[in-house]
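Novice: with the input below, show me the fold.
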Amino acid sequence: AADCLAAGGAHTLVARDGAVHACGRDSCGQLGLAAGAYDVCTPAPLPPTSFGGVAVRCVAAGAHHSLAVAADGALWAWGKASDHQLGLAGGGVGDPTVAAPSRVNLVDADGRPLGAAACAAGAAHSL
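Specialist: Residues are numbered from 1 along each chain as shown. Got it, this is the predicted structure:
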């Protein structure tokens, strides 16, 4: 049984036993799989090193982007970045896709590191 499921615009993410599997359309890198994976019919595992070797506890899927929260509270994002929905420094116009999970730098107003407890994805935004 899956620990967490997420359905995006044309892709699906499954978190199970700390690992993430993805399937569907990979038009903007939202599956997080190797280059060349476009239409993936069967959930395929992301590389074990994708999340710094830490187990994933939940996932979320937007129209063309994906999110994951690891057990250590790290937030990871990948896929379409043209609307800054990934929260990555430098992601956006001119850098429209991020094909592999990238750690989001979460800090409070004083610059202290924060951890994520959950994640959510809208069509072109993230929480």
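Novice: next, the contact list for the residue of the chain most remote from its centre, please.
Specialist: Most distant from the centre of the chain: Asp110, at 26.0 Å, with distances by C-alpha atoms, centre = their mean. By C-beta atoms under 8 Å, 6 or more residues apart in numbering, Asp110 lies in contact with nothing. (C-beta placed from N, C-alpha, C; glycine too.)
Novice: any stretches of this structure with poor pLDDT?
Specialist: 1, 35-36, 90-95 (pLDDT under 70).
Novice: repeat that for 90
Specialist: 1-2, 34-38, 48, 82-84, 88-97 (pLDDT under 90).
Novice: on that earlier part again, gap between the residue farthest from the centre of the chain and Ala7?
Specialist: Using C-beta to C-beta, to the nearest Å, we find Asp110 at a distance of 37 Å from Ala7.
Novice: my read is that Ala22 contacts Gly8, right?
Specialist: No - the criterion here is C-beta atoms under 8 Å, and Ala22 misses it with Gly8 at 9.5 Å.
Novice: who touches both of the two?
Specialist: What both Ala22 and Gly8 touch, as defined by C-beta under 8 Å, 6+ apart, is the set Gln30, Ser66.
Novice: what about the closest residue to Ala77 other than its chain neighbours, how many neighbours?
Specialist: Nearest residue to Ala77 in three dimensions, chain neighbours excluded: Leu86, at 3.9 Å (C-beta to C-beta, 6 or more residues apart in numbering). Residues lying near Leu86 (other C-beta atoms under 10 Å) number 27.
Novice: report the contact partners of Leu86.
Specialist: Shown in contact with Leu86 (C-beta under 8 Å, 6+ apart): His65, Ala77, Trp78, Gly79, Val98, Ser102, Val104, Ser126.
Novice: ditto for Gly87
Specialist: Counting by C-beta under 8 Å, 6+ apart, the residues that Gly87 touches are Leu75, Ala77, Val104, Ser126.
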